[in-house]
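Participant: I'll drop the sequence and a predicted model, then ask my questions.
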Amino acid sequence: MNRRDVLKSMAAGAAIGAAEAMFPGVFFVPAGGLSTAAAQTPAADGGLAWKKTPCRFCGVGCGLLVGISNGRAVAVKGDPASPVNRGLCCVKGYHSVMALYGKDRLTRALVRKDGKLVPVPMKEALDLVASKMAETIKTHGKDAVAMYGSGQWTIPDGYVASKFMKGGIGTNNLEGNARLCMASAVTGFMTSFGLDEPMGCYEDIDHADTFVLWGNNMAEMHPVLFSRLLERRLKNPDVKIIDLATRWTRTSMAADRSILFKPQTDLAIANAICHEIIRNDWVHTGFVRDHVSFHEGKTSIGYGLEDKFAFKDEPKTITLERYRELLADYSVEKVEALSGVPARELRYLASLYADPRRKVMSLWCMGFNQHTRGTWINNLVYNIHLLVGKIATPGNSPFSLTGQPSACGTVREVGTLTHRLPHGDVTDEKARKLAAEIWSVPVERIPAKPTYHTVEMFRAVDRGDIRFLWIQVTNPMVTMPKLRRYRDGLKKDDRFIVVSDVYPTPTTDVADVVLPAAMWIEREGMFGNSERRTQHFDRMLTPPGEAMSDTWQIIEVARRMGFEKLFPWSEATHIPEIWKEYSRFQHGPDHEMAPYEELKKRPGVMWPFVNGKETKWRYNGQYDPAAKGAFDFYGKPDHRAWIWFRPYEAPPEVPDAQYPFWLNTGRVLEHWHTGSMTRRVPILHQAVPAAYVELHPDDARRLGIGNGQRVRLVTRRGALVLPAQIDGRARPPEGQVFVPFFDEGLLINELTLDAYCPISGQPDYKKCAVKVERA
Amino acid sequence: MPIKSYLAYPVRGQREALVAALRGLGGCEVVVAANRDLLVVVTDTPDEATEDALQEALARLPAIESLALVAGISEGEARYEST
Amino acid sequence: MDRSRYFLIGLGVLLMAALVVVVGLSLTAGERPARVLPVQAAPTPTLPTEAGMYARVDAAAEYAAMPKEPNRKRTRAVYYARRAYPGAPPVIPHAIDEGDAGGRLCLACHGDGGWAPRFEAYAPVTPHPELISCRQCHVPQSPSPNPLPRGERVFTTLAPGGGEGRVRGSVSDWQTVTPPPLRGAAMPGSPPPIPHALQMRENCRACHAGPAAVDEFRTSHPERVTCRQCHALAAPPAEAFARPAEGGR
């Protein structure tokens, strides 16, 4: 607040004091007309209206209470009623509402004329988008247009996008940036269980006594959940937190034991643990006999480096004996040599998993998912839990943490991916028929063949197979791996790029049309977090200028293209109408969604929501109405969980004589993704103002680099100069460097490699070869 | 220009009309008493001309019974420990 | 003659033995506890808003005995300057050792307070020492005293349209509520109500007592430990109490 505001409040206070003297007992209401506050004896809640919402940022999905005054968000509290965070947030959550108020907020539509973006009325921009899309379809066909959305899309955003592209236009060119963050987790779930999303929930934290963190810096990336782990340990000294990572981070400092391994050898480590469990006869034979089947697939499956790379697995059912044979190469001694983890530590890990008195929760995120064998490593961690029967019961929980606030709720559950529908896959005729019925479109219109996953989609734009791309709520011109190719591709002539966003970014810099978007609580919506919890938020604020919600932008364009019948709703009621229609896809005890009124009332409701109760543990007959018997993995035709043998395979590019270091990338606590929101929050920007490169002190000494000095990083794809950070908040091992990707002025993704997991299509941002030298 | 605060008494039954009218004038902030027909008005204008225009407008409001000046604070007087 | 002597000796011995037994019994009886030990009670449940009330109650007597000199360093203005809005987690205003994400290192000074010679100030005491992942919410600011790369104080975007050069772009338009004013007592001399929520601030003594307390907030009576006996939470006012009119409603 500024000086003048202070003087005004002093003057107001004087008048109020005078009134009190003349009329004892009088009390006042601030000008916003809020009826529950007093201005002279300020209410403990500050005289504000507090409204609930899930946080805008990570996949933990903390419940927030936002303080609204005079049409502005002015304060934040953690929502004590939320079972997720119980009133605590992190520095991003506490300052989240400040991200609404950067001064260069996009408030007007922009169209590129003669190379410059000029403001135009929103109506004109929407007309242009619709006409360009129709023209492209006419000239080049339906599959020449594409939409790229986001795990930060609300559920209604994703639903109308899916209905528009698949039910209206009739193309499967719909992808979301969750492909770059969770795709391997999804294919891991689908291959191991036949159904997506965790079988457990956050409440497992309150029951488990052993937490194994695999390749994820939970203290910075899921900080509030990590605080729940710490709180559990504070109250119970038997609790152990083990950090298994390729680099020493804040999480390592807080853990009971920190174990470093060489990049990619997580595959071997998981197999070694399974080997040890079998060798010591620690297998839960009854559980395995009744609820598990064994399988193997193809090996040497490639890395997706070539355009139009295609892969189809060949699954084979095998026996436990055959599985045991396949594991022969993964004794702890052999894996010690490969991974750098001492055999003793591997045995220790195996013993923790196998100890019948311990309840084990495994937690992972990008270390597993952004991995050229991401599907495999997800399978392998499930293998460990399945062999010892520690799954789907309170505290025994292999838990895949989600990165974005609604990668689960929108991209995965609504299915905004090339091969998905809101229920089922496009390849499944029953799923297409269901969609055709709910959407009232001819079933032939919904295409049966998936087209491109994200990396392939951007390659298609580069080649010219896609000529029109609409990007919403994401910043691919900072996040695509091997960035230069895709930036050049989008900038080519005869590519029409539409970007919906809230601030100017390197992606709006290449756009032909920029549409200003309403942000978060400026529109009504829902997010779905890691633990299957759908959380609703009201519209609390008016969007600035002509900013319009992504949902309504899509509806406006769709109507202009002749699809009014698919989007008949009024602006006042479209969100609850969309929720009602979307819920029809998910009927059944395995996925039932809560009704709108429940979502409005409660700080989130988990699905399946069956007969008024949330299913906290799926596949367990005691908690899951869809499960028959003690355990029922009903996602698979044999009602069993599938153990897959998956071998260790090296990454496509490893350090060599010319490029002797590993390059690892990731985030920091204070910044969300590409920083377009958090860098406009002064307190977060000031905390970490620019990117840097982390070096081990011995490497730095050897290269003659001091803390803060300029370092040049060179890969086969590009070069970048960054300041060094030595023993800051984390320390990579010798031979590895780490760079955070939030800084649009230091585009580390120009150096990374666009290799991906052939099964999921998710790129590996954690491993490529780099040369490090003093600049 | 000095920041001024007033106690404003609306004509009986016309409180809402007065609140609406005051909010329609530029440079006015209104705090409404919840249990009495009484308003606190805080005015803040950038220059003398606007201040005079505002004074005239206030005098002409039909819904005002009476207006009592309570405090006037000009820039130079107040002290605030700035951060 | 012998017979009666033996009888008397025997009686004497019997009496001695009886004496020993009785004395012994009464001595050991005296060592037994005089009461029945109670059955182990269930642990006292923790009520969230009451949890911090008596924390650091031992310090209360110390604070009362301290001379009443103002701190001068920690003023109300400085207090709010460190917070993006009233109730926000304050920034870390001093150099920190990067080797710890929180926990023991921060609590060494901020757990119970005390004089920090390095900063020539009393360390503020945290009202929530059980939350040990300090850097999750509290961050330092740039230009950081740490040898971190220095960024610009204000985030600037690249030139729009992707051209060269940096353009002064986004300064923030953040506005927030004014902090609660200091006076709020219903009558002169009344105990002022608590103008802030108790969430994560249940321990009054952490901020309102002791040498590290903000001057304007410091209580005049730290020896009174049951704060909420007199100071009520300033809740949004309910309708004033009124008895139903005659004839009821």
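Facilitator: Noted; the coordinates are in hand. What you see is a predicted model, and the numbers here were worked out from it, not measured in a lab.
Participant: Listing request: residues of chain A with sub-threshold pLDDT.
Facilitator: A:1, A:24-25, A:27-47 (pLDDT under 70).
Participant: longest single strand anywhere in it?
Facilitator: strand A:718-726 (DSSP state E).
Participant: That one close to chain C?
Facilitator: Yes: Strand A:718-726 is in contact with chain C by Cβ under 8 Å from any Cβ of the partner chain, via A:Leu722, A:Pro723, A:Gln725. (C-beta placed from N, C-alpha, C; glycine too.)
Participant: Identify, from those, the entry nearest to chain C.
Facilitator: Each of the residues of strand A:718-726 next to chain C was scored against chain C by Cβ to the nearest Cβ, and A:Pro723 proved nearest at 3.7 Å.
Participant: Work out the gap between stretch A:741-757 and the centre of the chain.
Facilitator: 17 Å (Cα atoms, centre = their mean, to the nearest Å).
Participant: That stretch: end-to-end distance?
Facilitator: End-to-end span of stretch A:741-757 (Cα to Cα, to the nearest Å): 21 Å.
Participant: Count the neighbours of the residue lying closest to A:Met218 once chain neighbours are set aside for me.
Facilitator: Counting by Cβ to Cβ, 6 or more residues apart in numbering or on different chains, A:Met218 lies nearest to A:Phe226, which is 4.4 Å off, once chain neighbours are set aside. A:Phe226 sits with 28 neighbouring residues when counted by other Cβ atoms under 10 Å in any protein chain shown.
Participant: Name the residues of the longest strand of chain A that come out as buried.
Facilitator: Neighbour-count burial for strand A:718-726, counted by 16 or more other Cβ atoms under 10 Å in any protein chain shown, picks out A:Gly718, A:Leu720, A:Leu722, A:Pro723, A:Ala724, A:Gln725, A:Ile726.
Participant: Let me see the ranges of the strands in chain B.
Facilitator: B:3-10, B:28-33, B:39-43, B:64-73.
Participant: what about C:Cys134, distance to chain B?
Facilitator: In this view, C:Cys134 and chain B are 23 Å apart by Cβ to the nearest Cβ, to the nearest Å.
Participant: now do C:Asp2
Facilitator: C:Asp2 is 111 Å from chain B, where distance means Cβ to the nearest Cβ.
Participant: Contacts only, for that residue.
Facilitator: For C:Asp2, the contact set (Cβ atoms under 8 Å, 6 or more residues apart in numbering or on different chains) is empty.
Participant: Quick one: name whatever helix or strand follows the helix or strand where the residue nearest to A:Met218 lies.
Facilitator: Taking DSSP states H and E as the definition, A:Phe226 sits inside helix A:223-235. Remark: after helix A:223-235, the chain's next helix or strand is strand A:240-245, criterion DSSP H and E.
Participant: Need the contact partners of the helix or strand that that next one is followed by.
Facilitator: Helices and strands here follow DSSP H and E; after strand A:240-245, the next one along the chain is helix A:250-254. Contacting residues not belonging to helix A:250-254 are listed as A:213, A:216-220, A:226, A:230, A:241, A:243, A:245, A:258, A:729-730, C:99-101, C:103, C:133, C:135 [Cβ under 8 Å, 6+ apart].
Participant: Now for residue 58, how many residues are close by?
Facilitator: Answering for chain A, as no chain was given. Residues near A:Cys58, counting by other Cβ under 10 Å, number 27.
Participant: look at chain B instead
Facilitator: Neighbours of B:Leu58 under the rule other Cβ under 10 Å: 18.
Participant: do A:Pro504 as well
Facilitator: 27.
Participant: Could you check how far it is from chain B?
Facilitator: A:Pro504 sits 31 Å away from chain B, going by Cβ to the nearest Cβ.
Participant: Go ahead and confirm that residue touches A:Asp104.
Facilitator: Yes: using Cβ atoms under 8 Å, A:Pro504 is in contact with A:Asp104, at 6.2 Å.
Participant: Who are the contact partners of residue 141?
Facilitator: Just so you know, I chose chain A. Counting by Cβ under 8 Å, 6+ apart, A:Gly141 has no contacts.
Participant: wrong one, chain C
Facilitator: Neighbouring residues of C:Gln141 by Cβ under 8 Å, 6+ apart: A:Ile683, A:Gln686, A:Ala687, C:Val91, C:Ile92, C:Pro93.
Participant: when you check chain B, which of these turn up near it?
Facilitator: Applying Cβ under 8 Å from any Cβ to the contacts of C:Gln141, none is adjacent to chain B.
Participant: Tell me the buried residues within those residues.
Facilitator: A:Ile683, A:Gln686, A:Ala687, C:Val91, C:Ile92.
Participant: Including secondary structure, could those go into TSV?
Facilitator: Converted to TSV, those look like this (DSSP: H, G, I helix; E, B strand; the rest coil):
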residue	secondary structure
A:Ile683	helix
A:Gln686	helix
A:Ala687	helix
C:Val91	coil
C:Ile92	strand
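Participant: and which of these is nearest chain B?
Facilitator: Within the set of the buried ones among the contacts of C:Gln141, C:Val91 lies nearest chain B; the separation is 12.2 Å, counting by Cβ to the nearest Cβ.
Participant: hmm, stretch C:68-81 in reach of chain A?
Facilitator: No: using Cβ under 8 Å from any Cβ, we find that stretch C:68-81 stays clear of chain A, coming within 9.2 Å at best.
Participant: So what's the model's average confidence on that stretch?
Facilitator: Mean pLDDT, stretch C:68-81: 80.
Participant: on that earlier part again, any idea which helix or strand comes after the longest strand of chain A?
Facilitator: strand A:736-740.
Participant: Across the sheet, point out what pairs with the nearest residue to A:Phe537 once chain neighbours are set aside.
Facilitator: Distance criterion Cβ to Cβ, 6+ apart; nearest residue to A:Phe537, sequence neighbours excluded, is A:Thr53 at 3.6 Å. Beta-bridge pairing of A:Thr53 under DSSP bridges involves A:Leu64.
Participant: Would you confirm that A:Thr53 contacts A:Cys62?
Facilitator: No: assessed by Cβ under 8 Å, A:Thr53 is found out of contact with A:Cys62, at 9.8 Å.
Participant: More neighbours: those two, which one.
Facilitator: A:Cys62 (29 against 25).
Participant: Count residues in the vicinity of the closest residue to that one other than its chain neighbours, would you?
Facilitator: Spatial nearest neighbour of A:Cys62, chain neighbours left out: A:Asn85 (3.8 Å); criterion: Cβ to Cβ, 6+ apart. Applying other Cβ under 10 Å, we find 26 residues neighbouring A:Asn85.
Participant: hmm, back to that, so which elements touch the helix holding A:Phe226?
Facilitator: helix A:218-221, strand A:240-245, helix A:250-254 (3 or more Cβ pairs under 8 Å, 6 or more residues apart in numbering or on different chains; DSSP states H and E).
Participant: Please name the spatially closest residue to the spatially most central residue of chain B (chain neighbours excluded).
Facilitator: In chain B, the residue lying closest to the centroid (Cα atoms, centre = their mean) is B:Val41, at 3.1 Å. With Cβ to Cβ, 6+ apart as the criterion, B:Val41 has its nearest non-adjacent residue at 4.6 Å, and that residue is B:Tyr6.
Participant: Enumerate every residue touching the one you found.
Facilitator: Residues in contact with B:Tyr6, defined by Cβ under 8 Å, 6+ apart, are A:Ala15, B:Val40, B:Val41, B:Val42, B:Thr43, B:Leu67, B:Ala68, B:Leu69, B:Val70.
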